[in-house]
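*Asks:* Return atomic coordinates for the entry below.
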Amino acid sequence: MSPTAMLMLLALAWAVFLWSAIRRGRLLQVGQPAHGLDHLATRLRGTWTYAFRQEKMDYYNPAGTAHKLIFVGFVVLLLRTLVLWGRGFSPAFNLGVLGPGQPIGAVYEFAKDCVAALVLAGTAVFFYYRLFVRPRRMALSFEGLLILAIISAMMIADMTYDGASLVLTSKVDALCSPRNQVSSSAACAATLVITAPLAGERWDGNWSAWPAPAGSLFALMFHGQSNGWLVLLARIGFWTHATLVLLFLNLLPRSKHFHVITAIPNVFLRSLKPAGRLEPMAQNSDKLMEKVGAAAEAADPLAMPIGVARVEHFTWKAILDFYTCTECGRCSDNCPAYRTGKILSPKHLTLALRDHLYGREDELLGSAPSSAKPARDTAAQGANTGGSKPIDLVPNVIHPDVLWACTSCRACEEQCPVLISYVDKIVDMRRNLVMVKGEFPRELNKPFQGMESNGNPWNLSRSDRAAWAEGLDVPTMSERPTAPVLFWVGCAASYDDRAKRIARATAKLLKQAKVDFAILGREENCTGDPARRAGNEFLFTTLAEGNAATINGYKDRGGARTVVTTCPHCFNTLKNEYPDFGLRVEVVHHSDFLLGLVAEGRLVPSRPVRGRVVYHDSCYLGRYNDVYDPPREILRRIPGVELVEAEYWTKQRGLCCGAGGAQMFMEEQNQDRVSGKRTLQLLDTGAKTIASACPFCMTMLTDGLKAKNLEESVQELDIVELLERSCESVAAHVE
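*Replies:* Model prediction:
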């Protein structure tokens with residue numbers, strides 16, 4: 001075509017892109033250190049599943065399928081772009097193996113045409129969404145339409161180039177014949193350049209499904225055009241495709257479509273730690289106190305990364321998350337806080353942090369050392385960037401109510417197709433507010449004091465912790481230190497009158513199955529989950545160290561080899577977070593443990609419990625620990641139970657009850673309560689019994705029933721209560 005023009009185009013476009021990419025790379029290094037590259041095989045499998053197969057895109061169809069089509073198109077057409085760039089220097093360039101007379105060339109030509117058509121179908125779906133449906137969750141900007149127009153134009157340009165080239169092959173002999181006096185050497189030369197990649201093949205004037213269905217279709221459209229128009233169309237198609245690819249490339253680092261580049265590495269570099277584990281801030285409470293004390297004595301207490309106070313306190317992986325956000329809004333669309341009118345929107349939280357980071361790019365990069373690797377271990381790190389005043393994220397960028405509205409349910413993370421994390425970022429900002437600034441909702445004062453003084457968030461007497469077991473002859477670990485099973489009761493089931501029934505039903509079934517178990521009684525403290533999710537890491541660390549030492553003490557004496565808990569919050573904390581504090585025992589939720597007893601025949605649910613039952617998934621059991629089936633299987637094994645599911649809002653998509661993230665102890669920000677919305681979803685099934693496997697969920701859903709004046713006609717029961725009824729000697733009814 002034109003080697004000079006192609007060289008100038010490529011050099012300029014790639015130079016501009018590399019300049020932008022290098023700046024984004026340097027900005028990434030402003031962040032704090034993150035996890036390393038462990039378990040390579042697991043990372044590769046996850047990258048295939050989530051980045052290439054795009055498994056989570058199926059949550060939203062047809063948009064998900066359309067996105068997959070466009071992605072496949074980009075992968076397949078990458079070779080085509082390289083071929084076209086090569087033809088700018090050598091007209092017959094075909095990468096050596098993609099010529100029309102070569103087997104691979106014919107296969108690729110067919111695949112290229114097919115995926116180009118599918119890409120156009122995919123862009124049509126997104127044009128429809130953006131211009132007509134206009135869903136609230138999406139960022140409906142001109143940029144999105146521009147990108148779709150560029151992608152569509154690239155596909156049509158490629159087909160135009162192929163179609164015009166094919167028609168010209170049917171005319172090249174006549175045009176370049178020495179006997180044709182009207183032909184000119186210039187027209188012949190132009191035609192030969194365009195048809196050179198086709199290696200002497202001639203179009204027969206018909207549409208052909210093999211090997212160029214799109215190219216031959218466009219050839220039919222152009223048949224009858226003059227030679228001059230065909231040459232012009234081919235050139236327009238060629239240069240449009242070659243140029244738009246480079247324009248698109250340079251738009252990426254400066255738009256939400258940066259995820260085209262960052263999504264695959266973001267998935268590959270994801271944390272492989274359990275979803276329910278928050279990163280500890282220090283090895284122990286003493287080390288944590290030293291860090292917080294050092295920050296308090298500094299001239300600028302917020303300069304040190306105690307949690308996150310400023311954007312440079314985030315890890316480089318968190319910054320990569322910001323780069324990767326697609327602005328699709330799936331996170332906010334499934335967020336219980338956002339769906340009930342709270343100020344929190346996970347999408348806009350990420351965008352606010354990203355925009356703030358981009359807005360300070362010059363000063364942040366100006367503060368980096370010449371090696372482009374910023375210092376991270378000094379007390380003044382982040383205190384002054386480029387000589388300008390440091391900016392605290394709260395309240396200057398993020399309103400505090402945004403952080404305190406989060407229920408930590410992980411619905412946002414479950415829905416995100418590129419595996420962005422949200423809960424850890426919110427908790428990190430809460431940590432700074434609580435431990436450095438001393439700012440948190442006043443309702444948390446009592447739970448903090450209660451956990452510190454009496455080992456429970458209600459600040460009730462420690463001496464009453466085992467009162468729920470009165471008359472059941474349940475031993476304590478101090479009485480039976482070799483008991484292999486430790487029943488971790490938890491605060492709710494120990495003190496809340498309604499939740500005590502869960503503990504009693506569990507103990508009765510364990511005794512019926514002849515399980516050798518015991519409880520800690522007064523030795524049991526809150527696991528600290530509410531404190532940690534509320535940002536009080538020091539209180540959590542203190543509780544975790546004490547509880548881990550207590551359990552390990554009995555383990556050393558031959559007992560407490562398995563811990564069974566009825567509370568998913570306790571289950572998650574003991575299983576996923578206490579190993580950081582030295583606890584090494586098997587932790588099982590009561591739904592899993594009891595199902596095992598049923599499977600072994602040690603419990604026989606033989607009496608009918610008649611009625612329609614809908615099961616509510618606890619976030620900390622389901623999304624945090626992937627325990628979805630055991631509770632349902634228990635219900636299926638109870639004679640008479642008709643198990644139904646909430647439409648859409650079930651399992652991974654189940655809406656939070658509203659209690660997580662310490663919300664159990666705070667007032668909601670408006671009158672549209674999460675518990676009320678969740679209760680309505682469950683009632684829409686027509687069930688007269690709502691089953692749960694979490695005492696917090698039970699409380700919230702019971703409140704939802706009371707708000708609708710339905711507490712007399714609809715029951716809220718734990719699965720263990722239903723199982724106990726079925727294992728009793730008298731038939732039971734739930735409706």
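*Asks:* Spit out the contact partners of Glu279.
*Replies:* Contact partners of Glu279, counting by C-beta atoms under 8 Å, 6 or more residues apart in numbering, are 273, 424. For glycine as for every other residue, the C-beta is placed from the backbone atoms N, C-alpha and C.
*Asks:* which SS state does it fall under?
*Replies:* coil (DSSP: H, G, I helix; E, B strand; the rest coil).
*Asks:* Find me the pLDDT at it, would you?
*Replies:* pLDDT for Glu279: 95.
*Asks:* now do Ser2
*Replies:* Note on Ser2: pLDDT of 88.
*Asks:* Quickly find the element holding the nearest residue to Phe127 once chain neighbours are set aside.
*Replies:* Leaving aside its chain neighbours, Phe127 sits nearest to Leu148 (5.8 Å; criterion: C-beta to C-beta, 6 or more residues apart in numbering). Take DSSP states H and E as the rule and Leu148 turns out to sit in helix 142-169.
*Asks:* On the C-terminal side of that helix, identify the next helix or strand.
*Replies:* helix 172-176.
*Asks:* tell me which residues in that following helix are buried?
*Replies:* Of all the residues in helix 172-176, those buried under the rule 16 or more other C-beta atoms under 10 Å are 172, 175-176.
*Asks:* And for stretch 710-717?
*Replies:* So for stretch 710-717, counting by 16+ other C-beta under 10 Å, buried means 714-717.
*Asks:* Give the other helices and strands that the helix holding Leu148 contacts.
*Replies:* helix 63-87, helix 103-128, helix 185-195, helix 213-222, helix 227-251 (3 or more C-beta pairs under 8 Å, 6 or more residues apart in numbering; DSSP states H and E).
*Asks:* right, and Phe126 touches Ile151 too?
*Replies:* No - applying C-beta atoms under 8 Å as the test, Phe126 and Ile151 come out as separate, 9.1 Å apart.
*Asks:* quick check, nearest of the buried residues of stretch 710-717 to Asn396?
*Replies:* Glu716 (42.7 Å; C-beta to C-beta).
*Asks:* Quick check: the gap between the closest one and His616.
*Replies:* Per C-beta to C-beta, to the nearest Å, Glu716 is found 9 Å from His616.
*Asks:* what do these two both touch?
*Replies:* By C-beta under 8 Å, 6+ apart, the residues touching both Glu716 and His616 are 690, 692, 701.
*Asks:* For this protein, which segments are assigned as strands?
*Replies:* Along the chain, the segments classed as strands by DSSP state E run 485-488, 517-518, 562-565, 586-589, 609-615, 641-644, 689-692, 715-718, 732-733.
*Asks:* What count of nearby residues applies to Gln652?
*Replies:* 16 (other C-beta atoms under 10 Å).
*Asks:* and it, what does it touch?
*Replies:* Listed by C-beta under 8 Å, 6+ apart, the contact set of Gln652 reads 414, 622-623, 628.
*Asks:* Export those residues to TSV and append columns for distance to Ile398.
*Replies:* Formatted as TSV, these follow (distance: C-beta to C-beta, whole Å):
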residue	distance to Ile398
Glu414	22
Gly622	28
Arg623	24
Tyr628	33
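*Asks:* any chance of those residues in TSV, with neighbour count too?
*Replies:* Listed next are the contacts of Gln652 as TSV, based on neighbours: other C-beta atoms under 10 Å:
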residue	neighbour count
Glu414	22
Gly622	24
Arg623	23
Tyr628	18
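*Asks:* Which residues does stretch 3-13 contact?
*Replies:* Stretch 3-13 is contacted from outside by 85, 88-89, 242-243, 246-247, 249-250, using C-beta under 8 Å, 6+ apart.
*Asks:* and of those, the nearest to Ala106?
*Replies:* Out of those, the member with the shortest distance to Ala106 (by C-beta to C-beta) is Trp85, at 21.7 Å.
*Asks:* if I look at the nearest residue to Cys694 once chain neighbours are set aside, how far off is Glu523?
*Replies:* Among residues not flanking Cys694 along the chain, Ser618 sits closest, at 3.8 Å (C-beta to C-beta, 6+ apart). Distance, Ser618 to Glu523, using C-beta to C-beta: 26 Å.
*Asks:* got it, and Asn536?
*Replies:* From Asn536 to Glu523 the distance is 22 Å (C-beta to C-beta).
*Asks:* for Gly101, same thing?
*Replies:* Distance, Gly101 to Glu523, using C-beta to C-beta: 81 Å.
*Asks:* picking up where we left off before, more neighbours, Asn536 and Glu523?
*Replies:* Using other C-beta under 10 Å as the criterion, Asn536 and Glu523 rank with Asn536 on top: 25 against 19.
*Asks:* From what I see, Met435 and Phe538 are in contact.
*Replies:* Yes - applying C-beta under 8 Å, one finds Met435 in contact with Phe538, separated by 6.3 Å.
*Asks:* so what sits against both of these two?
*Replies:* Val292.
*Asks:* Quick check: Ala187 touching Leu230?
*Replies:* No - with contact defined as C-beta under 8 Å, Ala187 does not reach Leu230; the gap is 10.2 Å.
*Asks:* intersection of neighbour lists for these two?
*Replies:* Here Ala187 and Leu230 have no joint contacts, going by C-beta under 8 Å, 6+ apart.
*Asks:* out of these two, which sits in the more crowded spot?
*Replies:* Shown here are Ala187 and Leu230; by other C-beta under 10 Å, Leu230 has more neighbours (24 against 16).
*Asks:* sorry, back to before: ranking the strands of the chain by mean neighbour count, which comes first?
*Replies:* Highest mean neighbour count among the strands of the chain (mean count of other C-beta atoms under 10 Å): strand 689-692, with a mean of 26.
*Asks:* any idea of the mean pLDDT in that one?
*Replies:* Mean pLDDT, computed over strand 689-692, is 98.
*Asks:* List the neighbouring strands of that strand plus their orientation.
*Replies:* With DSSP bridges as the test, strand 689-692 is paired with strand 609-615 (parallel), strand 715-718 (parallel).
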